[in-house]
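[1] Sharing a model prediction with you, sequence too.
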Amino acid sequence: MLLRNIRNVLKHYNLTPAAIEHKRGRIYIKTGKTLEAAEKLTRVFGISSVSPARRTTSEKKDVIKTALDLARATAKNESTFAVRCHRVGTHAYSSMDICKEVGKQILTNLKHRKLKVDLTNPQHTISIEIRDAEAYVYSETLQGPGGFPVGSQPKVVCLLSGGIDSPVACWLAMKRGCTMLPVYFDNAPLTDEKTTAKALDQAKKLFEWSIGYPQRVYIVPHGKNLETFMHNAPRKLTCLLCKRMMYRVAECVAEKENAEGIVTGEAIGEQASQTLTNLRALNEAARNYPVHRPLLGFDKTETEALAKKIGTYEISIRKAKGCTAAPNQPATEAKLETVKKAEEKLDLEKMVEESVKATKIVTV
Ligand code: ATP
Ligand code: MG
């Protein structure tokens with residue numbers, strides 16, 4: 001699955017490699033565009049690190065020459081360095097022989113750079129990996145996102161809002177291998193179209209982490225529902241009724257799309273609607289699917305830091321008119337019974353049905 005995802009990413013960016021090999025817990029990608037490919041692969045879940053490497057034979061002289069060339073291209077004046085070597089297979093030399101010889105050659109040939117060896121805390125490391133007849137030499141390791149390959153878990157329906165939190169929640173679900181189907185509720189006319197644009201741009205950004213998988217977004221018209229809640233139920237319950245309706249529609253989408261759960265960006269106490277008591281009142285609306293909340297224990301600063309890392313933060317903070325349906329004094333400890341009672345007066349079934357019917361699917 002990981003190999004397939006890697007191939008899809010490289011193909012998508014026109015970096016189609018000459019070969020991909022999977023040997024002994026490592027994946028070797030032969031490409032003429034090493035740095036570019038490495039950079040793109042830092043967005044593939046399941047990869048813990050990527051090292052753009054130069055390949056040569058495991059002949060001692062080739063290894064030494066390649067390592068020296070790399071040091072020449074990368075070691076800065078007056079810096080400290082170390083040479084590390086791992087070796088698998090049978091060779092006429094030991095790893096230590098290689099380290100010593102490469103170190104010596106670097107010191108001699110790059111004397112003018114005034115380099116020093118520091119094996120404990122080097123500023124620069126030349127890494128050499130010798131595997132049977134081949135050797136790989138690199139000085140840089142890019143961190144991958146970790147996690148599991150997208151597609152290794154079933155699909156989840158993600159409530160994506162245009163705000164800061166939900167894209168991060170979506171990303172965390174993808175990180176653990178889920179394919180992600182964003183569902184955006186369009187609150188127009190109680191918000192402006194800028195919010196919709198933000199949600200779609202976020203979806204697009206998130207799909208950069210699951211290249212090769214469908215890039216569809218569900219857009220559910222939700223303004224009419226909101227107006228119904230504002231005018232036909234206690235005002236302080238608007239947000240809870242709104243969210244419960246979102247869950248119900250999300251369940252219909254999950255059913256249709258063969259998803260296994262619903263993901264939201266809710267965190268304990270983040271908004272009035274997200275106190276623990278209110279989350280309980282919300283949960284009851286989702287009858288057949290679990291609601292997963294990857295951010296449950298995150299502080300806002302932690303969520304923001306992740307949003308910046310994954311590239312959605314800049315989109316989230318773009319100016320847009322917030323939802324104007326939110327009451328001034330929302331219920332913070334709504335009793336489930338009170339919420340259900342308010343809903344009894346409404347034709348929820350019809351509201352769900354009409355929302356689903358009016359839903360649009362766009363590819364971003
Ligand atoms: P976010 O930053 O994700 O908008 P928030 O802290 O602003 O979260 P709420 O607006 O109460 O909190 O939303 C809580 C969660 O409900 C969101 O994280 C998202 O999963 C879902 N949600 C809220 N509004 C929408 C919307 N218009 N469309 C889809 N999902 C939404
Ligand atoms: Mg929000």
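    Thanks, I have the structure now. Numbering: from 1, shown residues only. Ligands and ions are numbered 1, 2, ... in the order given.
[2] what sits against the residue of the chain at minimum distance from ligand 2?
    When distances are taken as C-beta to the ion, the chain reaches nearest to ligand 2 at Gly163, 3.5 Å away. From N, CA and C alone the C-beta is placed, and that goes for glycine too. The contact partners of Gly163, taken as C-beta atoms under 8 Å, 6 or more residues apart in numbering, are 265, 316.
[3] Over to Pro145?
    42-45, 47, 175, 209.
[4] Repeat the analysis, applying 7 Å as the threshold.
    42-43, 45, 47, 175 (C-beta atoms under 7 Å, 6 or more residues apart in numbering).
[5] Kindly report the same for Phe207.
    By C-beta under 7 Å, 6+ apart, the contact list for Phe207 reads 215, 364.
[6] Equivalent analysis for the one 3 residues further on, please.
    For Ser210, the set of contacting residues under the criterion of C-beta under 7 Å, 6+ apart consists of 150, 174, 179-180.
[7] Show the buried residues in the residues you listed.
    Neighbour-count burial (16 or more other C-beta atoms under 10 Å) applied to the contacts of Ser210 gives 150, 174, 179-180.
[8] and these, which of them are in helices?
    Met174 (DSSP state H).
[9] Next, format the buried ones among the contacts of Ser210 as JSON lines and append distance to Leu336 and pLDDT.
    Output for those, formatted as JSON lines (distance: C-beta to C-beta, whole Å; pLDDT from 0 to 100):
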{"residue": "Val150", "distance to Leu336": "36", "pLDDT": "98"}
{"residue": "Met174", "distance to Leu336": "32", "pLDDT": "98"}
{"residue": "Thr179", "distance to Leu336": "32", "pLDDT": "98"}
{"residue": "Met180", "distance to Leu336": "29", "pLDDT": "98"}
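[10] Which of the contacts of Pro145 has the largest number of neighbours?
    Phe45 (23 neighbours; other C-beta atoms under 10 Å).
[11] so it sits in a helix?
    No - per DSSP: H, G, I helix; E, B strand; the rest coil, Phe45 lies outside any helix segment and is coil.
[12] distance of it from Ala307?
    Applying C-beta to C-beta, to the nearest Å, the value for Phe45 to Ala307 is 17 Å.
[13] List the contacts of whichever residue of the stretch 201-350 of the chain sits closest to ligand 1.
    Residue nearest to ligand 1 within the stretch 201-350 of the chain (C-beta to the nearest ligand atom): Gly265, separated by 2.4 Å. Counting by C-beta under 7 Å, 6+ apart, Gly265 makes contact with 161, 163, 165-166, 168-169, 295.
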